[in-house]
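Visitor: only the shape, not the letters, is given here:
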Ligand SMILES: Cc1cc2nc3c(=O)[nH]c(=O)nc-3n(C[C@H](O)[C@H](O)[C@H](O)COP(=O)(O)O)c2cc1C
């Protein structure tokens with residue numbers, strides 16, 4: 001059975017977010033499963049409270065099976081990116097949908113979790129919202145409200161999409177200039193790859209090892225579903 005679930009909200013194929021989540025999973029040395037939310041049909045919570053008696057979501061999409069997997073996993077790594085300086089929509093929808101496990105018995109309580117947050121904001125960039133802090137806090141507050149054990153967030157430096165759209169140097173709304181200054185050109189900006197940052201790779205490994213220790217120290221038995 002999957003002990004650690006890796007969940008990525010990034011829709012980009014084999015993205016920095018995906019690879020960083022997988023690095024943490026690998027470092028746990030436990031049985032893991034990686035799920036890419038963009039490959040699922042996952043609506044946000046409808047706030048219908050159809051789950052209030054039996055902890056089963058009534059929305060007929062992939063969220064039902066996902067909630068079951070999440071419930072049975074001892075730990076998870078949620079990877080998200082930061083469009084408009086907050087958590088991406090798929091990761092947020094995922095968090096909302098796990099609400100079904102909350103009622104009465106608190107099935108999310110004690111779950112061990114960590115986040116991977118990918119931002120395009122370069123360190124020390126002035127006048128830009130602190131996207132990584134905002135998204136990390138969103139995940140941290142969700143975990144707090146659900147009574148989970150938060151092992152923290154790994155912040156990954158990704159790439160502004162305008163670097164590869166083909167208009168990065170002449171677009172009036174170019175994120176290249178917004179993130180790197182008005183004189184910046186596409187050719188001057190390095191493409192960030194998670195694997196090339198030795199410090200970050202070491203942090204991911206350390207996070208995975210802490211997750212392994214936490215899982216082995218607190219064996220959990222899923223609580224039964226209420227009739
Ligand atoms: C619609 C959109 C809006 C974005 N806005 C921001 C932003 O406000 N702040 C930021 O740090 N990154 C922003 N980004 C950039 C992503 O955070 C960046 O592409 C990230 O590296 C994606 O990670 P990935 O390689 O895992 O896909 C935005 C990306 C998209 C697609």
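Guide: Nice, thanks for sending it over. These numbers were taken from a predicted model, which means no experiment stands behind them.
Visitor: now the worst-scoring helix or strand of the chain on mean pLDDT, how far from the centre of its chain.
Guide: Least confident helix or strand of the chain, by mean pLDDT, DSSP states H and E, is helix 175-180 with a mean of 92. Computed by C-alpha atoms, centre = their mean, to the nearest Å, the chain-centroid distance of helix 175-180 equals 24 Å.
Visitor: near the ligand, which residues of the protein?
Guide: Contact residues, the chain versus the ligand (C-beta under 6 Å from any ligand atom): 10, 12, 15-17, 81-85, 118-121, 131, 158-161. For the C-beta atoms, the positions are set from N, CA and C on the backbone; glycine is no exception.
Visitor: among those residues, the buried ones, what's the ChimeraX command?
Guide: The buried residues among the residues of the chain next to the ligand can be selected in ChimeraX (16 or more other C-beta atoms under 10 Å) with this line:
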select :10,12,15,16,17,81,82,118,119,120,121,131,158,159,160
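Visitor: out of the residues of the chain next to the ligand, which are inside strands?
Guide: 81, 118, 119 (DSSP state E).
Visitor: dig out what the second one forms beta bridges with.
Guide: If I follow you right, that is residue 118. Here residue 118 sits in beta bridges with residue 81, residue 156, going by DSSP bridges.
Visitor: which helices and strands sit right next to the longest helix belonging to the chain?
Guide: The longest helix of the chain (DSSP state H) is helix 198-217. Here helix 198-217 touches helix 16-28, strand 75-81, strand 112-119, strand 149-157, going by 3 or more C-beta pairs under 8 Å, 6 or more residues apart in numbering; DSSP states H and E.
Visitor: next one: the residue nearest to residue 1 when sequence neighbours are not counted from the ligand, what distance?
Guide: Spatially, and ignoring its direct neighbours in sequence, residue 1 is nearest to residue 72 (6.2 Å; C-beta to C-beta, 6 or more residues apart in numbering). To the ligand, residue 72 is 27 Å away according to C-beta to the nearest ligand atom, to the nearest Å.
Visitor: kindly report the same for residue 91.
Guide: For residue 91, the distance to the ligand - C-beta to the nearest ligand atom - is 11 Å.
Visitor: same question for residue 69.
Guide: From residue 69 to the ligand the distance is 22 Å (C-beta to the nearest ligand atom).
Visitor: hang on, isn't that residue packed against residue 7?
Guide: No - using C-beta atoms under 8 Å, residue 69 is not in contact with residue 7; the gap is 9.4 Å.
Visitor: which of these two has more neighbours?
Guide: residue 7 (26 against 15; other C-beta atoms under 10 Å).
Visitor: thinking the more buried one is in contact with residue 78, fair?
Guide: Yes - using C-beta under 8 Å, residue 7 makes contact with residue 78 at a distance of 5.1 Å.
Visitor: residues that sit against both of these two, list them.
Guide: Residues touching both residue 7 and residue 78 (C-beta atoms under 8 Å, 6 or more residues apart in numbering) are 21, 91, 94.
Visitor: could you dump the helices and strands packed on helix 198-217 to a markdown table with mean pLDDT and distance to residue 211?
Guide: Listed next are the helices and strands packed on helix 198-217 as a markdown table, based on pLDDT from 0 to 100; distance: least, C-beta to C-beta, whole Å:
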| stretch | mean pLDDT | distance to residue 211 |
| --- | --- | --- |
| helix 16-28 | 98 | 5 |
| strand 75-81 | 98 | 5 |
| strand 112-119 | 98 | 6 |
| strand 149-157 | 98 | 6 |
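Visitor: noted, bye for now.
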